[in-house]
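Participant: what follows is a protein structure lacking sequence information:
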């Protein structure tokens with residue numbers, strides 16, 4: 001097979017969408033397939049191992065600056081649309097130098113209608129596989145007060161996304177939650193493959209710890225409304241447990257800072273972004289992630305790999321099975337959060353029991369296995385083509 005990756009991210013760089021593309025690339029190369037990657041940036045240590053084409057010098061820095069504007073300057077700035085326009089323009093310039101008739105599959109991590117039109121005109125038989133890491137916003141309308149919680153954010157599918165759909169042959173989604181949002185947009189479920197993400201099980205490992213003494217609860221990720229922080233903090237304060245602490249790891253957004261004014265009173269520790277989250281997570285007893293909108297949150301995989309029982313929501317798109325590795329609770333449900341946290345607080349032996357199952361589940365979802373699952377989709381698509 002001859003495959004082309006389109007990636008408005010940094011190929012092979014940790015904490016980016018491009019990190020997820022690397023194990024797929026590794027699997028392709030292992031089986032002697034030909035791979036070309038058009039991207040905004042890449043891990044410089046990989047340049048000699050892959051056929052990488054950067055859209056223009058320092059494009060990775062330009063895209064990161066554009067990404068930061070809605071976070072620090074104005075939520076109204078259409079960063080995604082602007083980044084997409086730039087990526088499309090320069091990608092088409094690169095594609096004009098490639099004989100697309102030689103390729104069988106395009107795997108894209110962006111919605112690129114103009115690029116797809118150009119590709120299909122050059123090779124109508126080529127299969128475009130769209131990676132969809134995040135649920136479409138149509139599911140937000142099921143959320144109470146979504147217009148307040150997501151104030152200033154665009155809650156409709158962008159025009160460029162809708163324009164791209166008619167060119168796409170297949171979709172790869174990380175969870176049933178994402179699949180549901182695609183079906184809501186009228187996409188045929190037969191075109192959707194579900195491939196959960198992965199985790200580095202050697203980096204994220206359990207440690208020996210006691211189950212008496214301080215009861216430690218963890219959350220990691222962007223600390224904002226979308227992650228369900230208002231409900232977690234309300235539940236924690238309502239419980240007001242003795243000998244217990246809530247550890248929050250991640251950048252705190254302005255919209256939720258008000259919830260932490262009395263953090264010390266309720267034993268809430270806010271660490272901000274930490275580089276060594278793989279060392280911090282295992283120190284805790286359970287992990288709570290009451291997110292309102294995800295694709296399949298990588299932090300949940302990391303917590304499971306550390307042997308932590310997980311309390312999360314269906315909207316987190318996790319691999320947690322209710323009652324086995326943790327609990328799945330309704331979104332925005334403070335009482336359910338309190339109930340499940342209290343369950344583990346009062347039953348130390350259950351933490352260990354659930355935790356062992358959590359680690360076992362994570363071991364099935366390595367990044368190597370992720371690459372293998374996507375590679376099998378390529379083979380199936382090529383066969384069907």
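Facilitator: Nice, thanks for sending it over. Predicted model only: the values in this text are computed from it and were never measured.
Participant: which residues touch the helix or strand bottoming out on mean pLDDT in the chain?
Facilitator: Ranked by mean pLDDT, DSSP states H and E, the helix or strand of the chain with the weakest confidence is helix 146-149, at a mean of 74. Helix 146-149 is contacted from outside by 140, 143, 155, 225-226, 230, 292, using C-beta atoms under 8 Å, 6 or more residues apart in numbering. Placement of C-beta: from N, CA and C, glycine included.
Participant: quick check: residue 269 touching residue 246?
Facilitator: Yes: using C-beta atoms under 8 Å, residue 269 is in contact with residue 246, at 7.1 Å.
Participant: between those two, which has more neighbouring residues?
Facilitator: More crowded of residue 269 and residue 246, by other C-beta atoms under 10 Å: residue 246, with 25 against 13.
Participant: now the helices for the stretch 1-150 of the chain?
Facilitator: Assigned by DSSP state H, counting those that start in this stretch, the stretch 1-150 of the chain shows helices spanning 17-30, 59-72, 79-95, 113-122, 146-149.
Participant: now do the third one: distance to the chain's middle.
Facilitator: Helix 79-95 has its C-alpha centroid displaced from the chain centroid by 22 Å (C-alpha atoms, centre = their mean, to the nearest Å).
Participant: what does the shortest one give?
Facilitator: Between the mean C-alpha point of helix 146-149 and the mean C-alpha point of its chain there is a distance of 22 Å (C-alpha atoms, centre = their mean).
Participant: in it, what counts as buried?
Facilitator: Across helix 146-149, burial judged by 16 or more other C-beta atoms under 10 Å covers 146, 149.
Participant: state the number of residues packed around residue 264.
Facilitator: Around residue 264 there are 10 residues (other C-beta under 10 Å).
Participant: ok, now how distant is it from residue 183?
Facilitator: As for residue 264, its distance to residue 183 is 46 Å (criterion: C-beta to C-beta, to the nearest Å).
Participant: before we move on, what about residue 283?
Facilitator: The spacing between residue 283 and residue 183, counted by C-beta to C-beta, is 40 Å.
Participant: any chance of the helices of the stretch 1-150 of the chain in TSV with distance to residue 198 as columns?
Facilitator: Shown next, in TSV, are these (distance: least, C-beta to C-beta, whole Å):
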stretch	distance to residue 198
helix 17-30	7
helix 59-72	23
helix 79-95	25
helix 113-122	27
helix 146-149	30
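Participant: quick one, which of the ones you listed is nearest to residue 305?
Facilitator: Closest to residue 305 of those is helix 17-30 (C-beta to C-beta; 15.5 Å).
Participant: for the closest one, buried residues please.
Facilitator: Using 16+ other C-beta under 10 Å as the test for burial, helix 17-30 gives 17-28.
Participant: and the average pLDDT for it is what?
Facilitator: Mean per-residue pLDDT for helix 17-30: 93.
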